[in-house]
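Visitor: just a sequence and a predicted model for now, questions to come.
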Amino acid sequence: MDERARRSIEEYVRPLAVGLDGVTNFGDIPRIAAASARIAGGREDIDRDLLYLLAVFSGQEKWVSRMGHRSRTELFLGSLGIPRKTIQALFRGLERFDREPVTPEEEIVHDAVRLDGMGAYGIARQLADGYRERMDLPEMAAAIEEAAGVSLRTPAGRALAEDRRRTMLAFAAKLKEEHEEFRAGR
């Protein structure tokens, strides 16, 4: 897949990704694609085009699976010269990469999405989500701990997650400690 096709695909996905959940912005898509490429590293058992497509369309599973949107997306990708076999693998992968990835590409994107919700970036997201959902600070700390505990499927993903996990767990512990320090009645 050449750079022109990649730009066209990103332009196709951009309006789907921007603001649908009130938090996501298009910058998340290039982050997932870059994280996927980094996790894949020099692996030779990867279909790079499929990996890219899974990364770019991650988060858009519900939209793409709706009646009409799937066929529109198939036609669009086909018009760019993406082989039918790759397009079919994309749709199969979108249905399962988040829950039970099967292929190496699905495992890599699974980990990239998880990594995007970890570390300082993950803490910021958890706090924004917690604020929007009107959580109190101990609930936010618990959500951060839970996000730090997600499982990753690849050795490269696990290695990238180590420092991010430590950051999240230390922050959550400090948040709980400081919350307790001046709690009413103490």
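Guide: Noted; the coordinates are in hand.

Visitor: next up, phi/psi of residue 45, please.
Guide: phi -90, psi 20 (degrees, to the nearest 10).

Visitor: surely it meets residue 105?
Guide: No - Residue 45 is not in contact with residue 105 according to C-beta atoms under 8 Å; the separation is 9.3 Å. The way it works is simple: take the backbone N, C-alpha and C, and place the C-beta from them, glycine included.

Visitor: the protein - how does it break down into domains?
Guide: 3-100, 119-181 (automatic domain parsing).

Visitor: for those domains, which one sits closest to residue 112?
Guide: When these are compared by C-beta to C-beta, domain 3-100 sits nearest residue 112, at 3.7 Å.

Visitor: what about the closest one, how long is it end to end?
Guide: Start-to-end span of domain 3-100 (C-alpha to C-alpha, to the nearest Å) is 30 Å.

Visitor: which residue ranges of the chain form strands?
Guide: In the chain, no segments count as strands under DSSP state E.

Visitor: lowest confidence element among the helices and strands of it?
Guide: helix 61-65 (a mean of 78; mean pLDDT, DSSP states H and E).

Visitor: returning to what we had before: looking at residue 45 and residue 105, which one has more neighbours?
Guide: residue 105 (27 against 8; other C-beta atoms under 10 Å).
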